[in-house]
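K.L.:
Compute the structure for the input listed below.
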Amino acid sequence: MTRRMMHILFALLPAAAFAFSDTIPLLAWSSQSSDAIPSPQLSASTYSTAVLESVLFRDDVCKNDAVIVVEQPGLHASDLRTLSSSSFLANSLESSPSALQLPYVLHRRENARPLSDLAAMLARRCGSQLVELPSDEGFEISADSQDKYVVYVKMPGLDGAQGQERKELVAEHEFHLASTLRRLTGSFPQHFVVYTGSSAPRLVSRQSPAAAASPSGGILARYQLLTPGLILALLVAFFVLIPTVFFGVTALASVQSPVKTEPPKGFSADAKKTQ
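P.N.:
Below is the predicted model of the structure:
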């Protein structure tokens with residue numbers, strides 16, 4: 001039974017390590033009570049495109065003066081947890097009449113519709129003007145404008161940043177995003193905001209010979225040997241397998257054979273001396 005449990009444990013450890021590797025967070029909030037959030041039909045087990053369509057393509061979403069759709073490539077739930085509890089995002093979710101937080105939404109590049117396409121579809125559906133930031137960052141809203149807008153905001157990606165550098169980058173991006181959202185929500189008191197991640201774009205262009213040259217240094221400079229899976233396997237080997245084998249061998253060595261240590265039946269040392 002113990003051996004079977006150990007096999008199950010070893011089989012589940014890699015899956016647990018990469019359980020959230022294909023997920024993105026999704027945050028949404030509205031300046032008024034909205035039927036789009038929270039929705040009982042939403043589930044983190046549904047792929048991101050279906051979740052976004054379920055949130056954005058509700059009838060009451062088009063009633064807003066502005067729908068602001070924010071995309072940040074490489075964003076993970078762990079990045080949002082590094083933000084202060086007094087950050088703009090935290091305060092917006094806390095103070096809004098309707099808010100939604102899905103930290104782990106399944107996301108695969110091959111079956112995900114670009115968020116910019118969803119924003120364009122929403123603009124056509126609502127009869128709103130589509131504005132893309134930062135390319136249209138300087139657009140002006142007249143005080144007497146009766147137009148409605150779908151504002152698509154593309155933030156800088158986070159892929160490649162690690163550790164303290166990534167934490168500082170997330171805080172910096174959140175600061176600039178807060179400034180943009182304050183300006184937009186101030187211009188549109190009746191608004192709906194969606195903030196989510198996406199996969200970083202893949203490099204498809206052909207590299208130049210100089211760029212494709214092998215890096216200098218040893219093998220660690222060329223390949224990433226210490227991957228998360230390998231680190232996990234080493235930890236399991238050193239802290240689970242080796243101690244288990246050691247205690248097992250020690251226990252077996254301490255067992256004495258009765259054939260070698262016990263005298264045969266009927267044998268008497270005194271009787272042998274008398275003879």
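
K.L.:
in the biggest helix by length in the chain, what counts as buried?
P.N.:
For the chain, the helix with the greatest residue count under DSSP state H is helix 163-187. Neighbour counts over helix 163-187 (16 or more other Cβ atoms under 10 Å) mark 166, 169, 170, 173, 174, 177, 180, 181, 184, 185, 187 as buried. For every residue, glycine as well, the C-beta is placed using N, CA and C.

K.L.:
isn't the fifth one right up against residue 83?
P.N.:
What it means is residue 174. Yes: between residue 174 and residue 83 there is a contact under Cβ atoms under 8 Å: 5.9 Å.

K.L.:
where in the stretch 101-250 of the chain is pLDDT low?
P.N.:
By pLDDT under 70, the weakly predicted segments of the stretch 101-250 of the chain are 109-111, 135-145, 200-230.

K.L.:
how about the strands in it?
P.N.:
Using DSSP state E, counting those that start in this stretch, the strands of the stretch 101-250 of the chain run over 129-133, 149-154, 191-198.

K.L.:
Of all these, which one is nearest residue 95?
P.N.:
strand 191-198 (12.3 Å; Cβ to Cβ).

K.L.:
ok and the closest one relative to strand 149-154, angle-wise?
P.N.:
Our comparison of strand 191-198 with strand 149-154, counting by axes from the mean of the first three to the mean of the last three Cα atoms, to 10 degrees, yields an angle of 30 degrees.

K.L.:
Run through who's touching strand 191-198.
P.N.:
Residues from elsewhere that reach strand 191-198 (Cβ atoms under 8 Å, 6 or more residues apart in numbering): 24-31, 34, 36, 48, 52, 55-56, 61, 64-76, 89, 92, 105, 107, 112, 115, 177, 181, 184-185.

K.L.:
Just the buried residues of stretch 185-196, please?
P.N.:
For stretch 185-196, by 16+ other Cβ under 10 Å, it's 185, 187, 188, 191, 192, 193, 194, 195, 196.

K.L.:
For residue 157, see how far away the last one is.
P.N.:
It stands for residue 196. From residue 196 across to residue 157, the span is 13 Å (Cβ to Cβ, to the nearest Å).

K.L.:
Mutual contacts of these two, please.
P.N.:
Joint contacts of residue 196 and residue 157 (Cβ under 8 Å, 6+ apart) are residue 72.

K.L.:
returning to that earlier point: a markdown table for the strands of the stretch 101-250 of the chain, including distance to residue 97?
P.N.:
Below are these laid out as a markdown table (distance: least, Cβ to Cβ, whole Å):
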| stretch | distance to residue 97 |
| --- | --- |
| strand 129-133 | 25 |
| strand 149-154 | 20 |
| strand 191-198 | 11 |
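
K.L.:
Out of those strands, which is closest to residue 161?
P.N.:
strand 191-198 (13.7 Å).

K.L.:
Partner strands of that closest one and their direction?
P.N.:
strand 23-30 (antiparallel), strand 66-73 (parallel) (DSSP bridges).

K.L.:
And those strands: which comes nearest residue 99?
P.N.:
strand 23-30 (4.3 Å).

K.L.:
hmm, who's touching that closest one?
P.N.:
With Cβ under 8 Å, 6+ apart as the criterion, strand 23-30 contacts 36-37, 44, 48, 51-52, 55, 64, 75-77, 79-80, 89, 92-93, 96-107, 191-198.

K.L.:
ok, so what distance separates residue 128 from residue 150?
P.N.:
5 Å.

K.L.:
Please say which of those two ends up with more neighbours.
P.N.:
The neighbour count for residue 128 versus residue 150, taken as other Cβ atoms under 10 Å, is higher for residue 150 (27 against 20).

K.L.:
contacting residues around the more buried one?
P.N.:
So residue 150 contacts 66, 67, 69, 119, 120, 122, 123, 126, 128, 129, 130, 131 (Cβ under 8 Å, 6+ apart).

K.L.:
Thanks a lot, catch you later.
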